[in-house]
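*Asks:* below is the sequence, then the predicted model.
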Amino acid sequence: MSATLYATVEAQLEALITLLGIPGEHARILFHTLAGKALRGPFSNGSQDFSAINADGVPFQWSVSVGSRPGGLRFLTDCGVPGTSISARIQHSQARLYQLSPVLLFSNALPALDCALECLLPKADLLNASLMGLWIAGGVASHGEVSLKVYVNEQVDDVVARYHRFANCLAAFERWTALDRLEDLVKVVGMQMVPVASAFDVQSSGIGRLKLYFRGIDGTPALLAAAAEAVGCADATARLALLHQAFLEEGAYPPYAVSFSAEFPADDGEVSFKVDLNTGMFLSSDAEVDRRIKKLLSLMGFTGEEYCAVRNVVVGRLSSTMVSHILFAGLALRQREQRLNVYFHPCPNGSENV
């Protein structure tokens, strides 16, 4: 499976470079440096020694971000060596970032990157008992700008310790307004939501946005809106209405199917938020997910050409019996824009879909 999977995803890369009009050099460097080794396998599910990005252990997803500006080529990967411990995979991921830094001109950000990881990562013994270390999102815009985001597992240790790690990171980068907003959020949601992951953007000179992801005890629109309003998004109920109109069938989403994230910007200004839906936990097929995504794009006033281009390359024929490819859909609401983000498994069941 691994050789076939690698060849399939590499072919998808070349097709997406052409369709999206992406400069190929940076896209290929990102892909091969971050995902090349991991995509050669082996793969397994349910073990700490393999990636948890997908249920089958495949350490990669394509993504597309649709908004008022093109989102470019995007992917998410666990670039650690399959079959090794979480700690070893984290070290390998850090080494890959260091390898990329002089090529993609973010060497000046490495001290800040190390500082962020020191704040956010729990002790190694806790990490090695979990199912996730570091994940890295890479992207290349049509004009060639490269983006990198590092995700850290926070589903370890008690809830207070998770908040302390993230608060320490905000303080390390002097995000004082963000600390106030985080305190406001905790007062409102209490134990109705718990942190499950954190993330930060790597920029040429340092760390950009810092994000904290939550999962709630229920999937009600009211809880999502309350969390967003707690960090300063006063019109959250109205802005989330389109998402619910497209995806919500009953009074709430299944709790494990929805996550909320607060995005604290580099300028310590207005906080943004995002709601992600795990489609396979409450929808019946890729065809149904696709229909709902296209409905939301229409409600948002977007044509969806970029989404359809990526879907056609990665998915091909949509399954009408199961969710196998279109795994997540998320609505990001920021001060001056809204974006729909969709994540795809590149090749469920290995060679079966090649």
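*Replies:* Sure, I can see it.

*Asks:* any weak-confidence spans in the chain?
*Replies:* Scanning the chain with the threshold set as pLDDT under 70 gives 1-3, 46-47, 349-354.

*Asks:* would you map the helices across it?
*Replies:* With DSSP state H, the ranges of helices along the chain come out as 2-20, 24-35, 86-104, 110-120, 124-127, 159-172, 176-189, 221-230, 236-247, 286-300, 305-314.

*Asks:* S44: which of the ones you listed is closest?
*Replies:* Closest to S44 of those is helix 2-20 (CB to CB; 11.4 Å). The way it works is simple: take the backbone N, C-alpha and C, and place the C-beta from them, glycine included.

*Asks:* could the helices of the chain be laid out in CSV, adding distance to A197 and mean neighbour count?
*Replies:* Listed next are these as CSV, based on distance: least, CB to CB, whole Å; neighbours: other CB atoms under 10 Å:
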stretch, distance to A197, mean neighbour count
helix 2-20, 24, 17
helix 24-35, 18, 19
helix 86-104, 14, 18
helix 110-120, 10, 18
helix 124-127, 13, 15
helix 159-172, 10, 17
helix 176-189, 15, 17
helix 221-230, 15, 21
helix 236-247, 20, 18
helix 286-300, 22, 19
helix 305-314, 24, 19
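
*Asks:* make JSON lines out of those and add distance to A52.
*Replies:* Shown next, in JSON lines, are the helices of the chain (distance: least, CB to CB, whole Å):
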{"stretch": "helix 2-20", "distance to A52": "17"}
{"stretch": "helix 24-35", "distance to A52": "16"}
{"stretch": "helix 86-104", "distance to A52": "10"}
{"stretch": "helix 110-120", "distance to A52": "17"}
{"stretch": "helix 124-127", "distance to A52": "12"}
{"stretch": "helix 159-172", "distance to A52": "18"}
{"stretch": "helix 176-189", "distance to A52": "25"}
{"stretch": "helix 221-230", "distance to A52": "24"}
{"stretch": "helix 236-247", "distance to A52": "24"}
{"stretch": "helix 286-300", "distance to A52": "21"}
{"stretch": "helix 305-314", "distance to A52": "20"}
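
*Asks:* closest to L340 out of these?
*Replies:* Closest to L340 of the helices of the chain is helix 286-300 (CB to CB; 6.1 Å).

*Asks:* residues contacting that closest one, please?
*Replies:* If you take CB atoms under 8 Å, 6 or more residues apart in numbering as the criterion, helix 286-300 is touched by 66, 242-243, 245-247, 279, 283, 303-304, 307, 311, 315, 318-320, 322-326, 329, 331, 338, 340, 342.

*Asks:* cool, stretch 139-150 as well?
*Replies:* Stretch 139-150 has contacts (CB under 8 Å, 6+ apart) with 20-23, 26-27, 30, 70-75, 97, 100, 104, 106, 113, 116-117, 134-138, 199-202.

*Asks:* could you do stretch 185-200 as well?
*Replies:* Contacts for stretch 185-200 (CB under 8 Å, 6+ apart): 116, 120, 132, 149-155, 159, 162-163, 165-166, 169, 207-218, 223, 226-227, 229-231, 259-262.

*Asks:* what about G133, how many residues close to it?
*Replies:* Around G133 there are 26 other residues, counting by other CB atoms under 10 Å.

*Asks:* any idea how far it is from V150?
*Replies:* Distance, G133 to V150, using CB to CB, to the nearest Å: 11 Å.

*Asks:* distance of W176 from D56?
*Replies:* The gap separating W176 from D56 is 43 Å, by CB to CB.

*Asks:* and if you look at S130?
*Replies:* 18 Å.

*Asks:* in the sheet, who's paired with A332?
*Replies:* When assigned by DSSP bridges, A332 has beta-bridge partners K274, R339.

*Asks:* and H325, what does it touch?
*Replies:* H325 sits next to D286, V314, V315, L318, S319, F344, H345, P348 when contact means CB under 8 Å, 6+ apart.

*Asks:* of the residues you listed, just say which sits nearest to E270.
*Replies:* Minimum distance to E270 across those is 30.6 Å, recorded for F344 (CB to CB).

*Asks:* wait, the closest one touches G316, no?
*Replies:* No - counting by CB atoms under 8 Å, F344 sits too far from G316 to count as a contact (11.0 Å).

*Asks:* more crowded one of those two?
*Replies:* Between F344 and G316, F344 has the larger neighbour count (other CB under 10 Å), namely 25 against 10.
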